[in-house]
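1. okay, sequence plus prediction incoming.
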Protein chains: 4
Amino acid sequence: MNNKEKILLSALTLFAKNGYTETSIDKIAKQAGVSKGLTYTHFKNKEELLTVTIENTITKMTSEMMEIQELNFNTFFNSFFASLQSNTEIIRLCLLLVIHPQTPSKVIALLDNQKNELVNLFSTLLENEFRENSHNEAEILLATIDGITIDYVTNPNPLSLKTKQKYLTNKYI
Amino acid sequence: MNNKEKILLSALTLFAKNGYTETSIDKIAKQAGVSKGLTYTHFKNKEELLTVTIENTITKMTSEMMEIQELNFNTFFNSFFASLQSNTEIIRLCLLLVIHPQTPSKVIALLDNQKNELVNLFSTLLENEFRENSHNEAEILLATIDGITIDYVTNPNPLSLKTKQKYLTNKYI
Amino acid sequence: MNNKEKILLSALTLFAKNGYTETSIDKIAKQAGVSKGLTYTHFKNKEELLTVTIENTITKMTSEMMEIQELNFNTFFNSFFASLQSNTEIIRLCLLLVIHPQTPSKVIALLDNQKNELVNLFSTLLENEFRENSHNEAEILLATIDGITIDYVTNPNPLSLKTKQKYLTNKYI
Amino acid sequence: MNNKEKILLSALTLFAKNGYTETSIDKIAKQAGVSKGLTYTHFKNKEELLTVTIENTITKMTSEMMEIQELNFNTFFNSFFASLQSNTEIIRLCLLLVIHPQTPSKVIALLDNQKNELVNLFSTLLENEFRENSHNEAEILLATIDGITIDYVTNPNPLSLKTKQKYLTNKYI
DNA sequence: AATGAATGAGTATTCATTCAT
DNA sequence: AATGAATGAATACTCATTCAT
């Protein structure tokens, strides 16, 4: 892992653990084991560091989802709830950024885009059953998943999460 | 409105508009039209100012809900979605605080408590239909509402909100 | 002398000795014996500190000139060359600021204004002898004085200065 | 033009436009289209880069003046005022360096030397008319020219410059 | 000759908090 | 209760310079 990757990893970890504003470039560099200045060799400023961090994360998460062979609600829920448990803090970071009023628009665009892709995916999967209402249903499903995500990241309880996954699986299959 | 109330109102407004970390005591005092020092006469520190601000907000919102005569899903949804539209920024602030990893535990407790009351309310309303599953159903409903809230505060669209309210009303009545 | 005045004096001294860009707020505060932060209590930023510094200096110099009873070339030259010798570094600072391409426009305006007042003064004094050419003559005289100033601030030689004063006095009286 | 020359040209341009302290090695290299490191292959440090830059500039200006066939006030003024109009920013840079208290002594020596040559030239041209006062007269003439230079570089007005050139030409021929 | 990663000291500015008045 | 001067630590960012390749 080269220094640039070390910085990105350190940034992701600290942003996720403490929040964007609460994480200083100094701390990121220290944890990465490099000098503060090097951060600015590789990234124009703190905002770009955040943008690239989130870009990488989304790319990685999306590509993991794309590896699923047969995409249906069952496999999607399995993949999603597993990811929620293994990437809890990163997902919390994404939620924070989406909601925070001062998140740079480039980051908002990335997260918005990911959300739209999810709604479209759901919409397709719900088309047979709900016809012209499939988009509304997809939005409600996404809302429910978002709410479950909030609940889990703020109060992680794997058992309760499992129950909710079962509920959703039953309902949408 | 006395000075203490002016400070609290200014704090709520600015925290809601810009976020807690992004709002300085100086700006709060300036907008309230008082001196920086006075803030520390009335509140031990910035954290306590936040705590009292949120405490007041929750108390006010709860008491508004309590004024509803016949509490059922119809009246609740009406009240909730109206509030979401008139207090968008404040509700966004609450969401941020719930999710943020460094929110003081006292504030977390306040918000958690409010959430539990909601789950219990839903649970009661769902008891007849769902029996021993009513608590699970209540949590799913809360999740859906939270997700709708995220969607609205990040991308306020009254029409889309109305559609979702109708969907929920149809489903739970 | 209160802290604000101490900061202004320290700023003037250091700007004059080392230049504006070369003088840090840190050094100014240290020499004034106050904390760095206090500078920002009294001045919005470094640029404002410079502006006020120059404003005060010009006001003081102008008021000294106004105290001269009978304003003619003899008394003016006496006053000016005395000031050049006692305020050498401050006058050098003003020259630097006038010439530097990045001096804030507010400072430029202050210095420009002072220059125009001088040209007008000369113009009046030369009116009898030069009639419609008095303005041109005034500008040439100002140029000569500016050139003498450059020479003195870069290579202070009181004897040579005296010679030049005599030359000017002879010529313009 | 090889890389070293590209760096020198870029340095001259940027020093002249923005000032020495305000120009970073990075910007010089970028504008020259080379890497930061290459600057240090060709020049010991930023100070040496400045010294060589000024050295070249003075050499070039002097040699242009030397090309004048018959050196008298008329041809000199023509040449000088033309140069002032075509090299305004470079000449401003030289003025700044002469006056700035922290200009490296080697650069000061270069500029001082050029000034002395001018005084001597003037002195020679004025010898017939002013005899033992010719040196004083030469210094006054240089001062006037310096003052005109300040005025032009800070507020370039070709018409006003022409007027002053005529004035000087009339006076010294 | 040429690159660009890497450093460390420095810079302007902000801000929660204290305290004398 | 009310003010605002005062502090000190922290923050994002810059930059001359070095050095391995």
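-> Done, it's in.
2. how far away is A:F43 from A:T51?
-> Separation of A:F43 from A:T51 (Cβ to Cβ, to the nearest Å): 9 Å. No exception for glycine: its C-beta is placed from N, CA and C like everyone else's.
3. I meant A:H135, not that one.
-> 30 Å.
4. how about the residues of chain A that lie near DNA strand F?
-> By Cβ under 7 Å from any atom of the strand, the residues of chain A that approach DNA strand F are A:23-27, A:36-37, A:40, A:45-47.
5. which of these sits closest to A:L168?
-> Of all these, A:L168 sits closest to A:T23, with 33.7 Å by Cβ to Cβ.
6. so the closest one: helix, strand or coil?
-> coil (DSSP: H, G, I helix; E, B strand; the rest coil).
7. show me the contacts for the one residue sitting closest to the centre of chain A.
-> Of all residues in chain A, the one closest to the mean position by Cα atoms, centre = their mean is A:I91, 4.2 Å from it. A:I91 makes contact with A:83-84, A:149, A:153, according to Cβ atoms under 8 Å, 6 or more residues apart in numbering or on different chains.
8. stretch A:19-28: end-to-end distance?
-> 12 Å (Cα to Cα, to the nearest Å).
9. how far away from the center of its chain is that stretch?
-> Its chain's C-alpha centre and that of stretch A:19-28 lie 19 Å apart, by Cα atoms, centre = their mean, to the nearest Å.
10. again, but for stretch A:13-29
-> On Cα atoms, centre = their mean, the centre of stretch A:13-29 falls 17 Å from the chain's centre.
11. for that stretch, measure first residue to last.
-> 12 Å.
12. so what does the strand or helix carrying A:L12 touch, helix or strand wise?
-> Here A:L12 sits within helix A:3-18, counting by DSSP states H and E. Helix A:3-18 makes packing contacts with helix A:25-32, helix A:36-42, helix A:46-66, helix A:88-99 when contacts are defined by 3 or more Cβ pairs under 8 Å, 6 or more residues apart in numbering or on different chains; DSSP states H and E.
13. need the residues of chain A next to DNA strand F in a markdown table with pLDDT, neighbour count and distance to chain D, can you?
-> Listed next are the residues of chain A next to DNA strand F as a markdown table, based on pLDDT from 0 to 100; neighbours: other Cβ atoms under 10 Å in any protein chain shown; distance: Cβ to the nearest Cβ, whole Å:
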| residue | pLDDT | neighbour count | distance to chain D |
| --- | --- | --- | --- |
| A:T23 | 98 | 21 | 27 |
| A:S24 | 98 | 13 | 24 |
| A:I25 | 98 | 17 | 19 |
| A:D26 | 98 | 10 | 22 |
| A:K27 | 98 | 15 | 26 |
| A:K36 | 98 | 13 | 17 |
| A:G37 | 98 | 9 | 12 |
| A:Y40 | 98 | 15 | 11 |
| A:N45 | 98 | 11 | 15 |
| A:K46 | 98 | 18 | 20 |
| A:E47 | 98 | 14 | 20 |
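14. got the contact list for A:K6?
-> A:K6 neighbours (Cβ under 8 Å, 6+ apart): A:32-34.
15. name the helix or strand for A:L121, please.
-> Using DSSP H and E, the element containing A:L121 is helix A:105-130.
16. what's the angle from that helix to helix A:88-99?
-> 100 degrees (axes from the mean of the first three to the mean of the last three Cα atoms, to 10 degrees).
17. quick one, helix A:105-130 and helix A:46-66 angle?
-> Going by the same axes, to 10 degrees, helix A:105-130 makes 20 degrees with helix A:46-66.
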